[in-house]
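# Show me the folded form of this:
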Amino acid sequence: MSSQSTKKHEAINARTALLPSTDRSLPIALTRAREKVMLPIRQMLIASGITEQQWRILRVLQEQGPLDSTTLAEQACLLMPSLTRIVQSMEEKGFVSRVVSQEDRRRQTVSIEAKGRTIIQNNLDEAAIIAKRFEDVLGKQKLKTLLETLKQLDEL
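Predicted structure coming up:
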């Protein structure tokens, strides 16, 4: 390595020393945790033939009822262009339906259909077992605290 290259490398290392190590980095820790949490859920969904995004949409609609696309995108943690594409596919499969607003043709309300409710129903027991496993590992209080902390981060 040339001396100029070595000095540049040392300067970068000095600046990165201001950052937490990667094992203490919040973005990396959240990504690692998400992957661990999602693994059993992905396995469950593969058997159902739906994606994580479709599952989130169905869960939100089952829980909250019909929603406008903007609210649904926000609640299901999806970008609007992705939501539009996914909902169109889900409508074609009979999982959801869309109704266009008479007042504003750009707005639409999305509702879960019987076929979508069946997917939720068919996965309810396994999803509950997965959720219980996380609670058992962390404990009720720790899980509650974690969810409250994540909510605080979401509200930043």
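# Toward the C-terminus from the longest helix along the chain, list the very next helix or strand.
The longest helix of the chain (DSSP state H) is helix 114-138. Using DSSP states H and E, the helix or strand that follows helix 114-138 in sequence is helix 140-154.
# middle-most residue in the chain, spatially?
Residue closest to the average C-alpha location in the chain (Cα atoms, centre = their mean): residue 77, at 5.5 Å.
# Downstream of the host helix or strand of residue 70, the next helix or strand is which one?
Residue 70 is part of helix 69-75, with elements assigned from DSSP H and E. Scanning forward in sequence from helix 69-75 by DSSP H and E, the next helix or strand is helix 80-92.
# how close does the residue lying closest to the residue nearest to the centre of the chain once chain neighbours are set aside sit to residue 131?
Computed as Cβ to Cβ, 6 or more residues apart in numbering, the closest residue to residue 77 that is not its neighbour in sequence is residue 56, at 6.5 Å. Using the backbone N, CA and C atoms, a C-beta is placed for each residue, glycine as well. Computed as Cβ to Cβ, to the nearest Å, the residue 56 to residue 131 distance reads 15 Å.
# sorry, back to before: and the helix holding residue 70, what does it pack against?
Counting contacts by 3 or more Cβ pairs under 8 Å, 6 or more residues apart in numbering; DSSP states H and E, helix 69-75 packs against helix 52-64, helix 80-92, strand 108-112.
# can you state the direction angle for the shortest one and helix 52-64?
Here strand 108-112 runs at an angle of 90 degrees relative to helix 52-64 (axes from the mean of the first three to the mean of the last three Cα atoms, to 10 degrees).
# count of neighbours near the closest residue to residue 130 other than its chain neighbours?
Spatial nearest neighbour of residue 130, excluding adjacent residues (Cβ to Cβ, 6+ apart): residue 40 at 4.9 Å. Per other Cβ atoms under 10 Å, the neighbour tally for residue 40 reads 16.
# In a strand, residue 40, correct?
No - with DSSP: H, G, I helix; E, B strand; the rest coil as the criterion, residue 40 is helix rather than part of a strand.
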